[in-house]
Each structure stands twice: as C-alpha cells, then as structure tokens.
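S.K.: Here is my input, please return the structure:
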Amino acid sequence: MKGLFYRLSGWDKLLERFQADNEPEGNRFKFKTIAVGAVRYRRCATVIASSQGLYLMVKVPLTSGNPPILIPWHEIKKIQKSREPYIGKCIMLSISEPEIGIIKLPIDVFNSTRPYLDP
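M.R.: Take a look at the predicted model:
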C-alpha cells in the first residue's frame with residue numbers, strides 16, 4: 001500500500017531529490033492535513049518552515065510513514081490559490097522545473113513560509 005501512495009503522491013520523486021537528513025528548526029505545524037500530488041494526508045503531516053526550506057514529514061497510522069523531505073525555497077516555482085477537500089482554501093506549490101511535484105498547504109501554514117519566499 002505504501003508503494004502505491006508513494007507513486008500516486010509523487011513522494012518518491014520528491015524524495016529522490018530532497019530527502020531530509022535531519023529536522024530543521026523553524027515554524028512547526030503538527031497534525032496538519034496536506035495534499036501531495038493526488039494523495040491527501042489527513043491530520044498526519046508535520047510541516048516546518050525554516051530558513052533551509054520547506055520540511056514535510058508524514059506519519060500515516062499503522063505504517064512507518066514516508067521519509068521526510070526538505071525542499072529548498074528556490075525549488076518552489078509556482079504558487080497559486082486552490083481548494084482541496086479536507087483542507088478547504090489552500091495554496092498549491094509547484095516544485096522544480098520541470099515540475100516533479102505539487103504540494104497543497106493550508107493557508108495558515110503557507111503564511112508562515114512567506115518570509116522565505118522570493119517576492
């Protein structure tokens with residue numbers, strides 16, 4: 001099951017480029033609902049906005065979870081408003097060029113990333 005979610009979400013591609021070695025210091029949000037690709041992770045994501053980048057860790061109940069990723073800010077190429085079930089109004093982030101992933105964050109989490117994003 002984990003392999004299926006890896007592929008549907010695109011986490012596998014993100015992990016190839018952005019695997020996190022350790023958890024950074026920064027604004028931490030626990031038990032958040034986020035979407036990565038076609039997969040929604042309901043109330044099981046930790047998101048940290050740090051000077052190093054956007055850190056994501058998912059702990060899905062009854063699994064070992066996904067290895068964490070840390071996406072440098074310069075790899076976020078497009079930002080747009082969106083809407084997602086279980087999240088509501090959110091912000092969609094396009095990762096890298098060419099695009100290798102899409103991440104949707106709740107507005108409150110996205111707002112904590114603003115100081116790090118280029119104007």
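
S.K.: Can you tell me which helices and strands the helix or strand bottoming out on mean pLDDT in the chain packs against?
M.R.: Lowest by mean pLDDT, DSSP states H and E among the helices and strands of the chain is helix 2-9, with a mean of 73. Applying 3 or more Cβ pairs under 8 Å, 6 or more residues apart in numbering; DSSP states H and E, we find helix 2-9 packed against helix 11-18, strand 39-50. C-beta coordinates here come from the backbone N, C-alpha and C atoms, glycine included.

S.K.: and those as a markdown table, adding mean pLDDT and mean neighbour count?
M.R.: Listed next are the helices and strands packed on helix 2-9 as a markdown table, based on pLDDT from 0 to 100; neighbours: other Cβ atoms under 10 Å:
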| stretch | mean pLDDT | mean neighbour count |
| --- | --- | --- |
| helix 11-18 | 94 | 18 |
| strand 39-50 | 95 | 19 |
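
S.K.: For residue 67, which of those is the nearest?
M.R.: helix 11-18 (5.8 Å; Cβ to Cβ).

S.K.: could I get whichever helix or strand comes after the closest one in CSV with only the CA atoms?
M.R.: Counting by DSSP states H and E, the next helix or strand C-terminal to helix 11-18 is strand 27-36. C-alpha atoms of strand 27-36 as CSV (Å, rounded to 0.1, in the frame of the first residue of the first chain):
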residue,chain,number,x,y,z
ASN,A,27,7.9,27.3,12.5
ARG,A,28,6.4,23.9,13.2
PHE,A,29,2.9,22.7,12.4
LYS,A,30,1.9,19.2,13.6
PHE,A,31,-1.1,17.0,12.7
LYS,A,32,-1.9,19.1,9.6
THR,A,33,-3.8,18.0,6.5
ILE,A,34,-1.8,18.4,3.3
ALA,A,35,-2.0,17.1,-0.2
VAL,A,36,0.9,15.8,-2.2
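
S.K.: Give the bridge partners for residue 102, please.
M.R.: The bridge-partner assignment for residue 102, based on DSSP bridges, gives residue 94.

S.K.: shouldn't it be in contact with residue 91?
M.R.: No - between residue 102 and residue 91 there is no contact under Cβ atoms under 8 Å: 11.0 Å.

S.K.: quick one: residue 74 from residue 65, how far?
M.R.: According to Cβ to Cβ, to the nearest Å, residue 74 stands 27 Å off from residue 65.
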